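Peer 1: Structure here, sequence nowhere to be found:
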C-alpha cells in the first residue's frame, strides 16, 4: 500500500471504532449536538455579550464572527468537498451494512472536509480570542470537539474529515482576527481585565452548560 492508502486504512479503521461505540442514549445526545438549531441560544448569548461590551464597535466584531463562519462554511462545503469528492462513510459502498446511522440520516454525498467541524472550530477560536475569558474558552472548545466528534458518531464523516474541517475553521478564525486587529484596532483598546471581571462574560458559558443539560434530558426522555 502507498502512503495515501495507509492513511485511508487508518482513517476508516478509526471511524469504524468510533462509530461502533453507540448506545441509545448517545444516539440522542449526538443527534442533538449535531443539530444546528440546538445552539441558537449560545450564539445569541455571545451576541448579547459582544453588543453589551463593545457597543458602537460591536458591529465589527459581529461582522468578523459572521465572516469567519461564512469563510469556513464556503471553503469546506463550497470548495474543498467539490474538489476532493470523497464519499461520506454513510455513502461508501464498501462500508454498506457496517455504518451505524441515527434516524437513517446519511447526509449529502461528499464529506471531506466537515463543514460542521470548520464552523464550530472557527467560531470557538475567534470568539474565545475576542472574549478572552478562560472558562468560556475551555467550554467553547469542549463544544467544538464534541460537535466534530458527533459527526463521526453519526456515521457521516471520517476522522480526517473533521480534522480537515477543524483546520479550515482555525485558519478562517485567525484570518478574521488578523483583519480586526489590522483595520479596526479600536476593538482591542478596552482593557482585558475589565472583560474578565464582567458578569456578562459568564452568560455564554452558563448558556452552554444549560444547553448540554437540556440535551442530556432530551436524550434520556426521547431516545
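Peer 2: The structure has been received and is ready for your questions. Worth saying up front: this structure is predicted, and the values here are computed from it rather than measured.

Peer 1: give me the element residue 8 is part of.
Peer 2: helix 3-20 (DSSP states H and E).

Peer 1: Check which helices and strands that helix sits against.
Peer 2: Here helix 3-20 touches helix 134-153, helix 159-183, going by 3 or more C-beta pairs under 8 Å, 6 or more residues apart in numbering; DSSP states H and E. C-beta coordinates here come from the backbone N, C-alpha and C atoms, glycine included.

Peer 1: Which pLDDT value does the model give the closest residue to residue 64 other than its chain neighbours?
Peer 2: Nearest residue to residue 64, sequence neighbours excluded (C-beta to C-beta, 6 or more residues apart in numbering): residue 176, at 4.6 Å. Model confidence at residue 176, given as pLDDT, is 98.

Peer 1: neighbours of residue 176, just the number please.
Peer 2: Residue 176: 26 surrounding residues under other C-beta atoms under 10 Å.

Peer 1: what stretches of the chain score poorly on pLDDT?
Peer 2: 1, 190-199, 223 (pLDDT under 70).

Peer 1: do that again at 90, thanks
Peer 2: Residue ranges of the chain with pLDDT under 90: 1-7, 36, 52-53, 55-56, 78, 132-133, 186-203, 218, 220-223.

Peer 1: which residue is nearest the centroid of this protein?
Peer 2: Centroid check for the chain by C-alpha atoms, centre = their mean gives residue 120 as the closest residue, at 1.9 Å.

Peer 1: Let me see the contact set for that one.
Peer 2: Neighbouring residues of residue 120 by C-beta atoms under 8 Å, 6 or more residues apart in numbering: 143, 144, 147, 148, 166, 169.

Peer 1: residue contacts, the last one?
Peer 2: So the one you mean is residue 169. Shown in contact with residue 169 (C-beta under 8 Å, 6+ apart): 68, 72, 117, 118, 119, 120, 121, 122, 123, 124, 125, 144.

Peer 1: So which of those are in helices?
Peer 2: 68, 72, 117, 118, 119, 120, 121, 122, 123, 124, 125, 144 (DSSP state H).

Peer 1: Now the two most distant members of those.
Peer 2: Farthest-apart pair in these is 68 and 117; separation 13.8 Å (C-beta to C-beta).

Peer 1: on that earlier part again, so which of the helices and strands packed on helix 3-20 is nearest residue 214?
Peer 2: helix 134-153 (13.4 Å).

Peer 1: residues in contact with that closest one?
Peer 2: So helix 134-153 is contacted by 15, 18-19, 21-22, 26, 30-31, 33-34, 39, 42, 114, 116-117, 120-121, 123-124, 127-128, 131, 157-159, 161-162, 165-166, 169, 196, 201-202, 204-205, 208-209 (C-beta under 8 Å, 6+ apart).
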